[in-house]
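*Asks:* Show me the folded form of this:
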Amino acid sequence: MADLFDTGAAVPEHAPPRPLADRLRPQSLAEVVGQEQVLGPEAPLGVMLASGALSSLILWGPPGVGKTTIARLLAQETDLHFVQISAIFTGVPDLKKVFEAAKLRRQNGKGTLLFVDEIHRFNKAQQDGFLPHMEDGTILLVGATTENPSFELNAALLSRAQVLVLERLDGDQLERLIQRAEQDLDTALPLTDQARRSLLEMADGDGRALLNLVEQIAAWRVDAPLEPDALSARLMRRAAKYDKSGDEHYNLISALHKSVRGSDPDAALYWLARMLTGGEDPRYLARRITRMAVEDIGLADPQAQSICLHAWEVYERLGSPEGELALAQAVTYLALAPKSNGAYVGYKAAMRLAKKTGSEPPPKHILNAPTSLMKDQGYGAGYDYDHDAEDGFSGQNYFPEGVAREELYQPVERGFERELKKRRDYFANLRAKRRET
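*Replies:* Next up is the predicted model:
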């Protein structure tokens with residue numbers, strides 16, 4: 001059974017040619033393109049290999065950045081037997097056989113590096129199954145995931161493995177891959193410089209996707225180098241990486257929210273467009289945009305909430321794609337609106353004070369007394385009707401007796417809230433005068 005998962009099986013004599021991406025797979029860690037932040041001499045893997053103390057790892061990064069290749073080469077560098085499985089196709093019985101084979105291997109003096117692709121797809125019980133074999137040295141685990149390990153992996157597993165973040169390849173690194181491919185193919189790609197740059201954009205940071213595209217292009221027979229438009233006509237642009245329930249979802253909504261908060265309408269529109277082109281539900285965006293108005297614009301521009309609600313309603317009436325323009329208008333308005341979280345901060349401070357003071361009753365003078373018994377108990381006694389007071393303001397205390405007044409709402413000197421600050425200060429001064437008299 002172990003042979004099913006092991007690598008290095010003999011290739012039949014008349015097998016079809018290996019794909020370009022497989023032929024160009026690095027033969028040493030020094031040949032890996034990119035990922036200096038984990039492979040460099042002072043980076044985590046560089047230090048581990050230099051000290052001869054490799055620990056279990058979780059490789060977290062987007063597709064096509066070298067997770068499988070790095071795991072394979074780590075086994076090679078440390079003289080461990082390399083076993084690769086996928087969480088998608090491997091069940092508990094298969095795992096047991098892998099662990100049994102690793103135990104036999106260990107008894108014979110050979111360690112096992114178990115590479116688990118898509119490790120986040122294992123459930124909690126399956127993830128727990130790795131722990132005893134990691135602890136007793138039966139396996140050295142290297143897991144690969146495209147999802148945030150903090151959300152997808154058990155704390156117990158994370159405590160026994162170091163998480164290394166792999167990054168999408170940049171333009172220079174992708175260009176190095178193209179040059180390697182051209183050497184292997186012994187031909188230059190029939191592309192103009194601009195078309196070559198377009199090809200790098202199509203790859204979207206994915207080295208494997210790039211090499212697959214290169215292999216297609218190299219097979220074309222053309223009379224002259226292709227321009228970007230001709231290249232796009234022949235190739236389908238790779239869909240942007242976006243998972244509506246995964247890490248990219250949270251990353252992009254965070255980018256949109258912070259762009260609005262940072263008063264950058266151009267960046268805000270860009271992130272809105274990224275989410276919409278990725279397939280995000282516009283209704284979700286409408287909710288989040290309205291939340292931005294409440295949290296970050298607040299009373300500095302009370303109209304902002306209405307604009308967001310109206311944009312939401314317009315989308316519900318028009319649908320896509322026309323309704324999405326209303327969301328774009330709302331995002332633009334929010335980005336350029338004056339910002340204040342004064343009411344938001346004040347509300348959170350009020351919640352903390354409410355929890356701290358527990359069940360303290362209101363002062364009796366602001367309680368209604370509909371019965372004689374309640375009047376006898378002092379309900380409503382001494383209440384000053386504000387409309388009858390000078391300036392329409394009595395200045396009475398409305399906090400519970402024994403609870404010190406706190407200035408929970410701190411308006412800012414921006415937008416409409418500047419006017420609210422004047423009103424607040426006005427009443428604060430009157431209250432102080434009433435106390436003096």
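*Asks:* so what's the backbone phi/psi at the residue nearest to H81 when sequence neighbours are not counted?
*Replies:* Of all residues not flanking H81 in the chain, T112 sits nearest, at 4.9 Å (CB to CB, 6 or more residues apart in numbering). Using the backbone N, CA and C atoms, a C-beta is placed for each residue, glycine as well. Dihedral pair for T112: phi -130, psi 130, per degrees, to the nearest 10.
*Asks:* From what I see, T112 and F99 are in contact.
*Replies:* No. With contact defined as CB atoms under 8 Å, T112 does not count as touching F99 (9.1 Å).
*Asks:* Counting neighbours around each, name which of these two comes out higher.
*Replies:* More crowded of T112 and F99, by other CB atoms under 10 Å: T112, with 25 against 17.
*Asks:* can you tell me how far the more buried one sits from A203?
*Replies:* Distance of T112 to A203, computed by CB to CB, to the nearest Å: 34 Å.
*Asks:* thinking again about what came up before, need the residues touching each of T112 and F99.
*Replies:* By CB atoms under 8 Å, 6 or more residues apart in numbering, T112 and F99 have these common neighbours: 138-139.
*Asks:* picking up where we left off before, ok, the residue nearest to H81 - contacts?
*Replies:* So T112 contacts 80-81, 83, 101-102, 105-106, 138-140 (CB under 8 Å, 6+ apart).
*Asks:* how's the chain carved up into domains?
*Replies:* 2-165, 171-234, 247-336, 359-436 (automatic domain parsing).
*Asks:* Need those in CSV (columns: mean pLDDT).
*Replies:* Formatted as CSV, the domains of the chain follow (pLDDT from 0 to 100):
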stretch, mean pLDDT
domain 2-165, 87
domain 171-234, 90
domain 247-336, 92
domain 359-436, 88
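*Asks:* got those as CSV, with distance to V345 columns?
*Replies:* CSV is the format used below for the domains of the chain (distance: least, CB to CB, whole Å):
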stretch, distance to V345
domain 2-165, 27
domain 171-234, 39
domain 247-336, 9
domain 359-436, 7
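*Asks:* Just give me the residue right at the centre of the chain.
*Replies:* The residue lying closest to the centre of the chain (CA atoms, centre = their mean) is N251, at 3.1 Å.
*Asks:* ok but that one is inside a helix, no?
*Replies:* Yes. N251 sits within a helix when classified using DSSP: H, G, I helix; E, B strand; the rest coil.
*Asks:* Quick check: longest helix in this structure by residues?
*Replies:* Assignment by DSSP state H gives helix 417-436 as the longest helix of the chain.
*Asks:* ok now that one, how far from the chain's centre?
*Replies:* Centroid displacement of helix 417-436 relative to its chain, using CA atoms, centre = their mean, to the nearest Å, is 44 Å.
*Asks:* What would that helix look like as CSV? C-alpha coordinates only.
*Replies:* In CSV, the C-alpha atoms belonging to helix 417-436 read as follows (Å, rounded to 0.1, in the frame of the first residue of the first chain):
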residue,chain,number,x,y,z
GLU,A,417,-19.6,66.3,14.2
ARG,A,418,-17.8,69.7,14.6
GLU,A,419,-21.3,71.2,15.2
LEU,A,420,-22.2,68.4,17.6
LYS,A,421,-19.1,69.1,19.6
LYS,A,422,-20.1,72.7,19.9
ARG,A,423,-23.5,71.6,21.2
ARG,A,424,-22.0,69.1,23.6
ASP,A,425,-19.6,71.7,25.0
TYR,A,426,-22.5,74.1,25.3
PHE,A,427,-24.5,71.8,27.5
ALA,A,428,-21.5,70.7,29.5
ASN,A,429,-20.9,74.4,30.4
LEU,A,430,-24.5,74.9,31.3
ARG,A,431,-24.4,71.8,33.5
ALA,A,432,-21.4,73.1,35.3
LYS,A,433,-23.2,76.4,35.9
ARG,A,434,-26.3,74.6,37.3
ARG,A,435,-24.1,72.7,39.7
GLU,A,436,-22.5,75.9,41.0
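*Asks:* Select, from the contacts of T112, the two members most distant in space.
*Replies:* Greatest spacing in the contacts of T112, by CB to CB: A101 and L140 (14.4 Å).
*Asks:* who's more crowded, the two?
*Replies:* More neighbours surround L140 than the other of A101 and L140, with 22 against 19 (other CB under 10 Å).
*Asks:* Dihedrals phi and psi, the more buried one?
*Replies:* In terms of degrees, to the nearest 10, the main-chain angles of L140 are phi -110, psi 110.
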